[in-house]
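Fold the following, please.
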Amino acid sequence: PQVGGVKPVWLAGYGWGRAATSVHDPLFARAVYLRDKQGMEFAFVSVDLVGLQFPQVEETRRALPDLDYLMIGSTHNHEGPDTIGIWGKTPFQRGVDGDYLSLVVSRIAEAVNEARAASRPVHVAFGTATDESLLGDSRKPYAKDGVLRGLRFDDADSGATTGILVQWNCHPEAMGSQNQAVTADFCYATIQQLERKYDCKIAYFTGAVGGLMAPPDGRFKNEAGRTLREGEFAYTEAYGQAVATLAEQAIESAAPITLTPFQ
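Down below sits the predicted model:
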């Protein structure tokens, strides 16, 4: 979003009246495009937003009529623009910017088309890694899904990894309710670390986050030994990097699977 312009950018996910004052890291739509031997075309897209309503999903599907199926998932980011309509200036004012929603729709379609244009034959491997200590849950009944799941796509000819899909189950709210910088929250740090290691595109998807599966308290410290806290980018980055390390375990242990034919 354009922060600092005529229109305020209301941040979603907590209370009302939280206007963005800066951009810490850009928000993305990340697309995974799949085509099977029968010619079926699927696309899975993740956006760094609190959510995207069904009218926008339908609008995006109309912009991509050749696809047999398009799924759009949101990371449930608490530090991006209000795209739902309940986090405006007050409880009685809608926080959504229609022009921004239109931009999101067009960027999703653009990402899918880029992925389609770059597609190539691949072999696929699937792996998991588990660490429930990376999740806190502050609402009963306490229930966690501490399994991280990863798909690795390797070029069928060269064997080089061309893309990775990561799915983890945690609210992106490490920056807390006082932050006023637009950010993808811990997801950006997870993706950065994986991009550096594997030198390929990374698509991060949020799974079932339950009542409130969120980053744990008291887990990370800085070099001076001080415990990092919610609302600090150092904490957010430390958590995101821990998730990336767990993802590396899943990716390195991945075993070949067959994804086709699509159903």
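
So what would you say the end-to-end distance of stretch 49-65 is?
24 Å (CA to CA, to the nearest Å).

How far off centre is that stretch?
Computed by CA atoms, centre = their mean, to the nearest Å, the chain-centroid distance of stretch 49-65 equals 16 Å.

do stretch 1-12 as well
21 Å.

pLDDT score assigned to residue 191?
pLDDT for residue 191: 98.

which residues sit against the stretch of helix or strand it belongs to?
Per DSSP states H and E, residue 191 falls inside helix 186-198. Contacts to helix 186-198, defined as CB atoms under 8 Å, 6 or more residues apart in numbering, come from residues 25, 48, 75, 77, 161, 164, 166, 168, 170, 172, 174, 184, 201-202, 204, 215, 236-237, 239-241, 243-245, 247-248, 251. Where C-beta positions appear, they are placed from N, C-alpha and C, glycine not excepted.

List the buried residues in it.
186, 187, 188, 189, 190, 191, 192, 193, 194, 197, 198 (16 or more other CB atoms under 10 Å).

Specify the local secondary structure of residue 244.
Using DSSP: H, G, I helix; E, B strand; the rest coil, the structure places residue 244 in helix.

Just the endpoints, please. Distance across stretch 110-129?
Stretch 110-129: ends 32 Å apart by CA to CA.

Pull up the gap between the nearest residue to residue 260 once chain neighbours are set aside and residue 258, please.
Nearest residue to residue 260 in three dimensions, chain neighbours excluded: residue 36, at 3.9 Å (CB to CB, 6 or more residues apart in numbering). From residue 36 across to residue 258, the span is 10 Å (CB to CB, to the nearest Å).

cool, and residue 141?
37 Å.

swap in residue 221?
Residue 221 is 44 Å from residue 258, where distance means CB to CB.

okay but residue 89 is in contact with residue 16, surely?
Yes - the pair residue 89 and residue 16 passes the contact test of CB atoms under 8 Å, sitting 6.6 Å apart.

Common neighbours of those two, please.
With CB under 8 Å, 6+ apart, residue 89 and residue 16 have common neighbours 10, 95.

Great, nothing more from me.
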